[in-house]
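Peer 1: Structure, please.
(2 chains)
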Number of protein chains: 2
Amino acid sequence: MPKALFYDVFGTVMDWRTGVAREAERLLAPRGVKADWLKFADAWRDLYQPSMEEIRSGRRPFTKLDVLHREMLEKIRPQFGLQKVPDDVLAELNLAWHRLDAWPDVKQGFARLGAKFLMAPCSNGNIALMADLARRNGLRWDAILGSDIARDYKPKPGVYLAAADAFNLKPNECMMVAAHSRDLEAAAQQGLHTAHVTRVNEYGPNTGEDGPKTKVDYAAKTMIDLADKLGA
Amino acid sequence: MPKALFYDVFGTVMDWRTGVAREAERLLAPRGVKADWLKFADAWRDLYQPSMEEIRSGRRPFTKLDVLHREMLEKIRPQFGLQKVPDDVLAELNLAWHRLDAWPDVKQGFARLGAKFLMAPCSNGNIALMADLARRNGLRWDAILGSDIARDYKPKPGVYLAAADAFNLKPNECMMVAAHSRDLEAAAQQGLHTAHVTRVNEYGPNTGEDGPKTKVDYAAKTMIDLADKLGA
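Peer 2: So this is what the prediction gives:
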């Protein structure tokens, strides 16, 4: 049994797609912008991996996700007719990622899991972003681990190892929990236990992984199911 | 008004002296060690600043406090007749710092302060240490900031600045809360607001600062008094 659970956040704990779409509509629709807000969220998210890849590859020094999100937003600005939207509104829109709602099973599942295990995000989101999401959703993290403390982005090995080390634990005393097999595969390669949680609606109805695509220690349907499986 | 409160922990939030003395007695007395346990705590703590100074000066790469504490313990071993105490007991004793109790006003004060402000330790203690203390004492931090994320030790400027940056805040949107004027002076030099909380019994009865020895924005008697003064 692990002592600490590390969570992927975007997609696994938080429903980023409907949250970003809701915030975009709230801030842009009153300014006359018309868009398919879910497609707007998807377009923004599409630039996520290429943006981090600049840092993972070493071509660019570590830069926190809030800054990358703002740059990604700049890139999709013409495509969605946002050229005339003022900077302060775009800065506010960038905080859409701080205002996501957790999937409905998270609060109850985390109350049980947190009573038994150390709990930390091991996310590519930066500390301020994770702290705001936790406050909004009433989640209690023992610490915020992930990209900011590792100064790199998952799935680079150092991000998982820095998280374990921050808790004075060996990798095999930790478990990575994610809805994405790539993340779990990378964590397993560093010696962490792994648990897959299905989020089939992450990118829209029936779009997410309906189960692990790699060998995992646990495959759960929800955080409540994970709590059941871990005896929490 | 600041948006975030950063706390010194050892002495300001936690009563390290009686906690370390209690753990030392619990683990060493059954092995026949006789000592003035409070003096043992003091001797251990006396090596704290010189140990960190090696890192602050750049003579040694950043090393987390749990490791420094273990080295400091090694140094006082002969003085307290601990040569024959086995390594696993000393490793357990090193966790004394993870098992401190908060001063009696902290829980109630933090409940109010945390409802109004982002809350984080900006301590020289490492993440695992801060996480264990928070769990033991039922405290909720928004994130664990301080030495581990700055890779340096207070009062070096970078530690305060890294804490503000982690929350996406400017230094003047943050307030350092400490029982030690030196810490507050260093924070103020970086542009943070400051609040002094008196801990007159930190090193024994009537030994701590009975008020700020430097200019501060707030001088409080307890965390409850601080909550009153900040309208929390």
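Peer 1: Residue A:224 contacts residue A:107, doesn't it?
Peer 2: No. The pair residue A:224 / residue A:107 is not scored as a contact, 9.8 Å apart, by Cβ atoms under 8 Å. The way it works is simple: take the backbone N, C-alpha and C, and place the C-beta from them, glycine included.
Peer 1: who's more crowded, these two?
Peer 2: residue A:224 (20 against 14; other Cβ atoms under 10 Å in any protein chain shown).
Peer 1: which residues sit in contact with the spatially closest residue to that one that is not a sequence neighbour?
Peer 2: Spatial nearest neighbour of residue A:224, excluding adjacent residues (Cβ to Cβ, 6 or more residues apart in numbering or on different chains): residue A:109 at 4.5 Å. By Cβ atoms under 8 Å, 6 or more residues apart in numbering or on different chains, residue A:109 lies in contact with A:222-227.
Peer 1: Name only those of the residues you listed that count as buried.
Peer 2: A:222-227 (16 or more other Cβ atoms under 10 Å in any protein chain shown).
Peer 1: Look up phi and psi at the residue nearest the centre of chain A.
Peer 2: By Cα atoms, centre = their mean, chain A has its centre lying nearest to residue A:10, at 2.4 Å. Note on residue A:10: its backbone torsions stand at phi -70, psi 110 [degrees, to the nearest 10].
Peer 1: now residue A:196
Peer 2: Dihedral angles (degrees, to the nearest 10) for residue A:196: phi -100, psi 130.
Peer 1: thinking it is in contact with residue A:219, fair?
Peer 2: Yes. Assessed by Cβ under 8 Å, residue A:196 is found in contact with residue A:219 at 4.8 Å.
Peer 1: Compare neighbour counts for these two and give me the winner.
Peer 2: Neighbours per residue, other Cβ under 10 Å: of residue A:196 and residue A:219, the larger number sits with residue A:196, 26 against 15.
Peer 1: Surely residue A:121 is in a helix?
Peer 2: No. Judged by DSSP: H, G, I helix; E, B strand; the rest coil, residue A:121 forms no part of a helix; its state is strand.
Peer 1: what is it paired to in the beta sheet?
Peer 2: residue A:7 (DSSP bridges).
Peer 1: can you list the residues of chain A near chain B?
Peer 2: Proximity of chain A to chain B (Cβ under 8 Å from any Cβ of the partner chain) is limited to residues A:66, A:118, A:126-128, A:130-131, A:134-135, A:140-145, A:148-149, A:166-169.
Peer 1: quick one on the thing from earlier: how far away is the residue nearest to residue A:224 from residue A:177?
Peer 2: Using Cβ to Cβ, to the nearest Å, residue A:109 is found at 10 Å from residue A:177.
Peer 1: Now do the shared contacts for the two.
Peer 2: Both residue A:109 and residue A:177 are in contact with residue A:226, where contact means Cβ under 8 Å, 6+ apart.
Peer 1: ok so, going back, so which of the buried ones among the contacts of residue A:109 are in helices?
Peer 2: Taking DSSP state H, the ones among those that sit in helices are A:223-227.
Peer 1: would you turn those residues into JSON lines with pLDDT?
Peer 2: Shown next, in JSON lines, are these (pLDDT from 0 to 100):
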{"residue": "A:223", "pLDDT": "98"}
{"residue": "A:224", "pLDDT": "98"}
{"residue": "A:225", "pLDDT": "98"}
{"residue": "A:226", "pLDDT": "98"}
{"residue": "A:227", "pLDDT": "98"}
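Peer 1: Pick the one among the residues you listed closest to chain B.
Peer 2: Nearest to chain B out of those is residue A:227 (Cβ to the nearest Cβ; 18.1 Å).
Peer 1: Nearest spatial neighbour of the closest one, chain-adjacent residues omitted?
Peer 2: Closest to residue A:227 by Cβ to Cβ, 6+ apart is residue A:112, at 3.9 Å.
Peer 1: So what's the residue count around the one you found?
Peer 2: For residue A:112, the neighbour count with other Cβ under 10 Å is 17.
Peer 1: so who does it touch?
Peer 2: Contacts of residue A:112 (Cβ under 8 Å, 6+ apart): A:224, A:227, A:232.
Peer 1: For residue B:226, see how far away it is.
Peer 2: From residue A:112 to residue B:226 the distance is 34 Å (Cβ to Cβ).
Peer 1: Give the buried residues for stretch A:111-120.
Peer 2: A:111-114, A:117-120.
Peer 1: Apologies, that question was intended for stretch A:177-187.
Peer 2: For stretch A:177-187, by 16+ other Cβ under 10 Å, it's A:177-181, A:183-187.
Peer 1: and that stretch, what's its mean pLDDT?
Peer 2: Stretch A:177-187 comes out with an average pLDDT of 98.
Peer 1: what ranges do the helices span in chain A?
Peer 2: Secondary structure of chain A (DSSP H): helices at A:16-28, A:37-46, A:48-56, A:65-76, A:87-94, A:106-116, A:127-137, A:147-150, A:157-166, A:181-189, A:223-229.
Peer 1: who's in contact with the longest one?
Peer 2: Contact with helix A:16-28 is made by A:10, A:35, A:37-38, A:40-42, A:44-45, A:82, A:85, A:89, A:92-93, A:95-97, A:99-101, A:202-204, as judged by Cβ under 8 Å, 6+ apart.
Peer 1: and what of the fourth one?
Peer 2: When contacts are taken as Cβ under 8 Å, 6+ apart, the neighbours of helix A:65-76 outside the stretch itself are A:40, A:43-44, A:47-48, A:51-52, A:82, A:90-91, A:93-94, A:97, A:124-126, A:128-129, A:147, B:168.
Peer 1: Just the angle for that helix relative to helix A:48-56, thanks.
Peer 2: For helix A:65-76 against helix A:48-56, the angle by axes from the mean of the first three to the mean of the last three Cα atoms, to 10 degrees is 130 degrees.
Peer 1: which residues touch residue A:185?
Peer 2: By Cβ under 8 Å, 6+ apart, residue A:185 lies in contact with A:155, A:214.
Peer 1: how near is it to chain B?
Peer 2: Distance of residue A:185 to chain B, computed by Cβ to the nearest Cβ, to the nearest Å: 26 Å.
Peer 1: ok, now residue A:52?
Peer 2: Using Cβ to the nearest Cβ, residue A:52 is found at 18 Å from chain B.
Peer 1: neighbours around that residue, how many?
Peer 2: 21.
Peer 1: Quick check: end-to-end length of stretch A:87-102?
Peer 2: 28 Å (Cα to Cα, to the nearest Å).
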